[in-house]
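*Asks:* model the structure of this input:
(one chain, ligands or ions: 1)
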Amino acid sequence: MLHGRSVLLVIGGGIAAFKCLDLIRRLREQGARVVPVMTRAASEFVTPLSVSALAGEKVFQELFDLDDEAEMGHIQLSRAADLVIVAPATADLMAKMAQGIGGDLATTLLLATDKPVLIVPAMNVKMWEHPATQRNLETLQGDGIAVVGPDVGNMACGEVGPGRMAEVPTIIEAATDILRNGPLARRHILVTSGPTHEPIDPVRYIANRSSGAQGTAIAQALVALGARVSFVTGPASAPMPAGCDIIQVETAAEMMAAVQAALPADGAVFAAAVADWRVASASDRKIKKDGKGGLPVLEFAENPDILATVSQLEKGRPELVIGFAAETDTVIAHATAKLKRKGCDWIVANDVSPETGIMGGSENAVTVISADAADVWPRMSKDDVARKLAGKIAEVLGDG
Ligand code: C5P
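*Replies:* The predicted structure follows:
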């Protein structure tokens, strides 16, 4: 969700300013551009050089920097970002924001911006609890400003209570939530993807040819429509989708546990090629040749059917459950039977006979089967199948 987005980070003058270095790093890891602005007090706590080095950008500090002002710098700066984060938001900055005071670059930007603003308060407990700060907080929230934290705990000043700046992952989560928009913005969707690996012994396993490409593309298309996506994946060769919660697993049993842990969800797309069987008792040592030509015998046990289990949940079943049917013959008949057997809402059926080149390839030809229709889609790229499927999901789960 932060990928390709631009964050204007206003760093206030408090001891927690050092945490901004990590915040910048993590925002950039998520693919965001971070343009830093520091108040004069902030540069007493962290150096503009460190901030600039981590952001890979110039640090803006002065309102009357001629170069920038000649181009109406502060107005442009405040509008170019997708989101403004103020961290740490000191009592002083909050007071100025609540009063609409624009005496320096940071406060002027905050007045001029037309973008969402997220403040991350950090200050001494008494300052936070002071009626003036609480009044300002109420005013700011009334003005539509989002707030994350403060946390309760030990403070740098030796006191204990609310006032610690929120941790970086919490700030990133809050920022992601604000920037999420699209018809699925308030929806959580679970996607399984990739093959599973079922161990024979510590060095050998049973697998299948799934690349995870279709699952990755679906997760990506759902993120693009604003969904919060939990992506549970086996060892896939396709790149991981950006902007999802990624949970990596190996076996079907691990995938089942990860899916259960990721619920509740509004929708679930089971695109993983889960192994139907596992080796009943995988050896904990490498199986050796016996030297006499004897062959090992593997006994199999059935894996849990994740799609069927989730489809048939009595409590907490996602509103929309979608399965896949990779078949090599009589595709529609098999898929329709599967829809009933598993209890899901739609089955995305495809022909994976070797001659189609679909398994591991970049294209797919699918039929989307529901209780009352079989919708045949022409052959298209897996990305297009994903976008079309995400659009169809948004028709059911989206806000219109
Ligand atoms: O029964 P079959 O494996 O053909 O069903 C395919 C569908 O069921 C896919 O959506 C797959 O992700 C899901 N599945 C599952 N758990 C299993 C086997 C299949 O979720 N153990």
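
*Asks:* residues in contact with stretch 39-57?
*Replies:* Contacts with stretch 39-57, where a contact means CB atoms under 8 Å, 6 or more residues apart in numbering, come from 9-15, 17-18, 20-21, 24-25, 28, 33-36, 38, 58-59, 61, 90, 92-93, 104-106. Backbone N, C-alpha and C define where each C-beta goes, glycine included.

*Asks:* no wait, stretch 13-20
*Replies:* The contact list for stretch 13-20, computed with CB under 8 Å, 6+ apart, reads 9, 11, 36, 39-46, 51, 87-88, 90, 92, 122-123, 156-157, 164-165, 168.

*Asks:* where's the residue in the stretch 101-250 of the chain positioned nearest to the ligand relative to residue 390, distance?
*Replies:* The minimum distance from the stretch 101-250 of the chain to the ligand, using CB to the nearest ligand atom, falls at residue 192 (5.7 Å). Distance, residue 192 to residue 390, using CB to CB, to the nearest Å: 16 Å.

*Asks:* also residue 297?
*Replies:* Counting by CB to CB, the gap from residue 297 to residue 390 is 45 Å.

*Asks:* these two: who's more crowded?
*Replies:* A direct count of neighbours by other CB atoms under 10 Å for residue 297 and residue 390 places residue 390 higher, at 25 against 5.

*Asks:* you'd agree residue 162 is in a strand?
*Replies:* Yes: remark: residue 162 belongs to a strand, assigned using DSSP: H, G, I helix; E, B strand; the rest coil.

*Asks:* contact partners for it?
*Replies:* So residue 162 contacts 125, 128, 129, 150, 151, 152 (CB under 8 Å, 6+ apart).

*Asks:* what of residue 273?
*Replies:* With CB under 8 Å, 6+ apart, residue 273 has these contacts: 194, 195, 196, 208, 209, 210, 234, 326.

*Asks:* what about the closest residue to the second one other than its chain neighbours, distance to residue 298?
*Replies:* Okay, so that is residue 195. Spatial nearest neighbour of residue 195, chain neighbours left out: residue 210 (4.2 Å); criterion: CB to CB, 6 or more residues apart in numbering. Distance of residue 210 to residue 298, given as CB to CB: 21 Å.

*Asks:* so the two - more neighbours on which side?
*Replies:* More crowded of residue 210 and residue 298, by other CB under 10 Å: residue 210, with 26 against 15.

*Asks:* what helix or strand is the more buried one located in?
*Replies:* Counting by DSSP states H and E, no helix or strand carries residue 210.

*Asks:* now it: how far from residue 273?
*Replies:* Counting by CB to CB, the gap from residue 210 to residue 273 is 4 Å.

*Asks:* what of residue 129?
*Replies:* Residue 129 sits 55 Å away from residue 273, going by CB to CB.

*Asks:* ok, now residue 214?
*Replies:* Going from residue 214 to residue 273 by CB to CB gives 10 Å.

*Asks:* for the stretch 151-300 of the chain, which segments are assigned as strands?
*Replies:* Applying DSSP state E, counting those that start in this stretch to the stretch 151-300 of the chain gives strands spanning 151-154, 160-164, 188-193, 198-199, 205-206, 228-233, 245-248, 267-270, 277-279, 300-302.

*Asks:* show me what from this protein comes close to the ligand.
*Replies:* 192, 252, 270, 272, 274, 276, 303-307, 323-325, 338 (CB under 6 Å from any ligand atom).

*Asks:* quick one: which of the residues you listed is the most crowded by neighbours?
*Replies:* residue 192 (33 neighbours).

*Asks:* hey, what's it bridged with?
*Replies:* residue 232, residue 270 (DSSP bridges).

*Asks:* contacts only, for it.
*Replies:* Taking CB under 8 Å, 6+ apart, one finds 215, 232, 233, 255, 259, 268, 269, 270, 271, 272, 274, 306 in contact with residue 192.

*Asks:* show the contacting residues for residue 378.
*Replies:* Applying CB under 8 Å, 6+ apart, we find residue 378 in contact with residue 365.

*Asks:* do residue 263 as well
*Replies:* Taking CB under 8 Å, 6+ apart, we find residue 263 in contact with 190, 310, 316, 318.

*Asks:* and those, which two are the farthest apart?
*Replies:* Within these, 190 and 316 form the most distant pair, 11.7 Å apart (CB to CB).
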